[in-house]
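Asker: Got a sequence here, can you model it:
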Amino acid sequence: MSNQDVVVLNVGGMTFTTWASTLQQFPESRLARMLNGSDRDFRLMNGQFFVDRDGVLFSYILDFLRTLQLLLPTNFSDYQRLQREADFYELNSLADILSQENLLKPRLEILEVRFLLQETQAFIRIFGSCSSTIEELAGRISMFTEQQLGQGWHNNSFASQKPLNSVPLERPSHHDLVFQCGTDYSVADQLVARYVSIKPDARKLINGTNVLGLLVDTLLKEGFHLVSTRTVSNEEKVECYSFERMKRAEGLAIAVSQNPENAGIVQIKRSQVQKRK
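Answerer: Numbers count the residues shown, from 1 in each chain. Down below sits the predicted model:
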């Protein structure tokens, strides 16, 4: 069979269509041998290869053959069953990957937001167990300043039409970031206004409660769940919001080398993997 031929498989009642070349990625596998009719477990019926195996699990195997990467859903848990299917198809590289279950299992990510409101200013500090999440948030949160004479100030929630100066966020460590909003007086009786914007929302907010609300909404859209709220300091009234979400190991992509000199060698790579909405 030519590697440009289209192959239709019926796996446990689920139909899959792919190129023959996809099934021939690993010539030693049973799927590759199926195409030349040398494996009796695969019967050609009405133009389809019938396989009496789990069709849902086969969808992950076919995705692996197409991309040479194993990317499983966050809520996936059938590692042993999928490894059994990989053994059945004699996809040894995939079976080796699945045996390293600790690399594939999602991890609990914890994030904490501390909010302090002092008169006309609000201070927000974000702590996270995953530094890449903090880095991503730092790229989405922007702080701007504006100075006016005190008597010419109009207190409103949105920035004026005048150009604003961008101010970098504070990064005490890789696992936290700090920013503030609101107004306070500086030297020469000038009122300094600090605005915050969180992408993709284009608004520049000055009110601390509004900024906190937008931040919480952003985290919820990113898959975080609010698990607790508490007051950290009664004197300063620091409010603490704790969030959790399950997240796969950062940018985990696992590929198999196709270099003839390194045939069969499993390469585990960490790269930026697009989020699936």
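Asker: For the rest of this, base every contact and every neighbour count on C-alpha atoms.
Answerer: Fine.
Asker: residue ranges of the helices in the stretch 1-150 of the chain, please?
Answerer: Taking DSSP state H, counting those that start in this stretch to define them, one finds helices in the stretch 1-150 of the chain at 20-23, 30-34, 55-67, 79-88, 92-99, 101-104, 131-140.
Asker: Would you single out the least confident of those?
Answerer: When mean pLDDT is averaged over each of those, helix 101-104 scores lowest at a mean of 71.
Asker: Pull it out as PDB, backbone CA atoms only.
Answerer: Taking C-alpha atoms only, helix 101-104 is exported to PDB below (Å, rounded to 0.1, in the frame of the first residue of the first chain):
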ATOM      1  CA  GLU A 101       3.700   8.600  34.300                       C
ATOM      2  CA  ASN A 102       5.000  11.200  36.700                       C
ATOM      3  CA  LEU A 103       6.000  13.400  33.700                       C
ATOM      4  CA  LEU A 104       2.500  13.300  32.300                       C
END
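Asker: buried stuff in it?
Answerer: For helix 101-104, burial by neighbour count (16 or more other CA atoms under 10 Å) applies to residue 104.
Asker: The chain should start at 12 in everything you say after this.
Answerer: Noted, 12 is the first residue going forward, which turns the last one into helix 112-115.
Asker: one step back: ok, which of the helices of the stretch 12-161 of the chain comes nearest residue 127?
Answerer: Each of the helices of the stretch 12-161 of the chain has some distance to residue 127 by CA to CA; the shortest is helix 142-151, at 19.0 Å.
Asker: one step back: any chance of TSV for the helices of the stretch 12-161 of the chain, columns distance to residue 177?
Answerer: Shown next, in TSV, are the helices of the stretch 12-161 of the chain (distance: least, CA to CA, whole Å):
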stretch	distance to residue 177
helix 31-34	50
helix 41-45	58
helix 66-78	42
helix 90-99	48
helix 103-110	46
helix 112-115	40
helix 142-151	13
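Asker: out of the ones you listed, which comes closest to residue 178?
Answerer: Relative to residue 178, the nearest member of these by CA to CA is helix 142-151, separated by 12.1 Å.
Asker: Give me the helices and strands touching that closest one, please.
Answerer: Contact here means 3 or more CA pairs under 8 Å, 6 or more residues apart in numbering; DSSP states H and E; on that basis helix 142-151 packs against strand 132-139, strand 187-196.
Asker: ok, of the ones you listed, where does mean pLDDT dip lowest?
Answerer: Summarising mean pLDDT across the helices and strands packed on helix 142-151, the least confident stretch is strand 187-196, with a mean of 92.
Asker: tell me the angle it makes with helix 142-151.
Answerer: Interaxial angle of strand 187-196 relative to helix 142-151 (axes from the mean of the first three to the mean of the last three CA atoms, to 10 degrees): 30 degrees.
Asker: Please spell out which residues along strand 187-196 are buried.
Answerer: So for strand 187-196, counting by 16+ other CA under 10 Å, buried means 187-195.
Asker: Could you spell out the sheet neighbours of it, each with its direction?
Answerer: With DSSP bridges as the criterion, the sheet partners recorded for strand 187-196 are strand 132-139 (antiparallel), strand 181-184 (antiparallel), strand 201-209 (antiparallel).
Asker: Report the buried residues of the next helix or strand after the last one.
Answerer: I take that to be strand 201-209. Beyond strand 201-209 on the C-terminal side, the first helix or strand identified by DSSP states H and E is helix 219-232. Taking 16+ other CA under 10 Å as the basis for neighbour counts, the residues of helix 219-232 that come out buried are 219, 222-223, 225-227, 229-230.
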